[in-house]
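Undergrad: take this sequence and fold it.
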Amino acid sequence: MKNLALIAALGLSGLVMPAFADGYPVRDIDLVVPFEPGGSVDTTSRILAEAANAILEGGDMVVVNRGGGGGIVGQTSVSLAAPDGYTILAMTSSVVTNPLMKGATYTIDDFRPVALYNLDPEVIAVPAGSPFQTAQEFMEAAATEPLNIVVAGIGTSHHMSGLAIERVTDVTFNYIPTSGFGAQVQAVVGGHADAALWPMGEAMAQAQAGGVRLLAIAQEERDPNFPDVPTFQEVGIDIPLFATFRGWAVPAGTPDEIVTFLSDLMREIYENPAYIERMTAAGFIPTFRDAAAFQALIAEDAVRSAAIIEEAGLGQ
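TA: Below you'll find the model as predicted:
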């Protein structure tokens, strides 16, 4: 009778009943993380999967890491998967940029957004022993000579944030794509790079541990966890908000009732105080936007990204 209780809890309409009548899910659901273990997408996906498995009946949600190509390997696999609800993509803005910059065979139209669960603002992080004590010193140096910046990969949202900074300032960066968050941490903490462009969710633990210092954060207000770290606009970078989006997507052609079921599943997870507490403790601000609202955010990001890529001459 768990299905009946779940239907009541999620407030699903009669139109969605066929998905339950067919027993969905009747086997495990793969949640594909298109990056190596240890980063923000992997961490949040595992938190979500654990919360989902306390609700689901008939199968578990299983995190599957398929890293490579700055997300292309895993994203391609999901774009080609059967649209039956058993393959979900942990979707980030690299789905928008990879086709434009790397010639990935898919486009955003090969996916159906399900729900957004996190917006993670970008930060500038430098080694603890960096000579740059302030963002102003960092920006002045970058305007004189290109600085070496670690990013998760060319075409990722972190690389795009650097291009966005270059677009509105006089600085220039040399981008060092590094596979896996652990390798990025080693490069920065070890002083092998001048800085990293990271989402706050990944940078927070490193900053709290003392391995890096945060110079600026790309959001409209200062983060309460780091009240001394100024916003981008406060240091003269005219970018009110630049945030990595994280959500679920499924292959195009997935039935409406399955998309609705998964979106409502995400909503129920979001309404669970234990989930909110765990995400917050891990450094991520939980949010929720349903399929339509997530689609609108992706469309907005696609327009901005296309303009940045075109101006930088990086398009395929």
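Undergrad: now do the buried residues in the lengthiest helix in the chain.
TA: Longest helix of the chain, by residue count under DSSP state H: helix 291-312. Within helix 291-312, the residues that qualify as buried by neighbour count (16 or more other Cβ atoms under 10 Å) are Ala291, Phe294, Gln295, Leu297, Ile298, Asp301, Ala302, Ser305, Ile308, Ile309, Ala312. (C-beta placed from N, C-alpha, C; glycine too.)
Undergrad: so what does the closest residue to Ile217 other than its chain neighbours have for phi and psi?
TA: Closest residue to Ile217 apart from its sequence neighbours, by Cβ to Cβ, 6 or more residues apart in numbering: Val123 at 4.9 Å. Note on Val123: its backbone torsions stand at phi -130, psi 160 [degrees, to the nearest 10].
Undergrad: dump the residue contacts of Val123.
TA: Taking Cβ atoms under 8 Å, 6 or more residues apart in numbering, we find Val123 in contact with Leu197, Trp198, Pro199, Met200, Ala203, Leu214, Leu215, Ala216, Ile217, Ala218, Val229.
Undergrad: from those residues, pick the one nearest Val96.
TA: Nearest to Val96 among those, counting by Cβ to Cβ, is Pro199 at 15.9 Å.
Undergrad: identify the bridge partners of the closest residue to that closest one other than its chain neighbours.
TA: Computed as Cβ to Cβ, 6+ apart, the closest residue to Pro199 that is not its neighbour in sequence is Asp120, at 3.7 Å. Note on Asp120: beta-bridge partners Thr244, judged by DSSP bridges.
Undergrad: ok, Asp120 to Ile55 distance?
TA: Asp120 sits at a distance of 24 Å from Ile55 (criterion: Cβ to Cβ, to the nearest Å).
Undergrad: the two: which has the busier surroundings?
TA: Asp120 (27 against 16; other Cβ atoms under 10 Å).
Undergrad: quick one: pLDDT of Phe288?
TA: At Phe288, the pLDDT value in this model is 97.
Undergrad: neighbouring strands for the strand or helix carrying it, and are they parallel or not?
TA: Phe288 belongs to strand 286-289 when elements are defined using DSSP states H and E. Sheet pairing for strand 286-289, assigned by DSSP bridges, gives strand 111-127 (antiparallel).
Undergrad: give me phi/psi at Asn225?
TA: With angles defined as degrees, to the nearest 10, Asn225 sits at phi -80, psi -20.
Undergrad: alright, that wraps it up for me.
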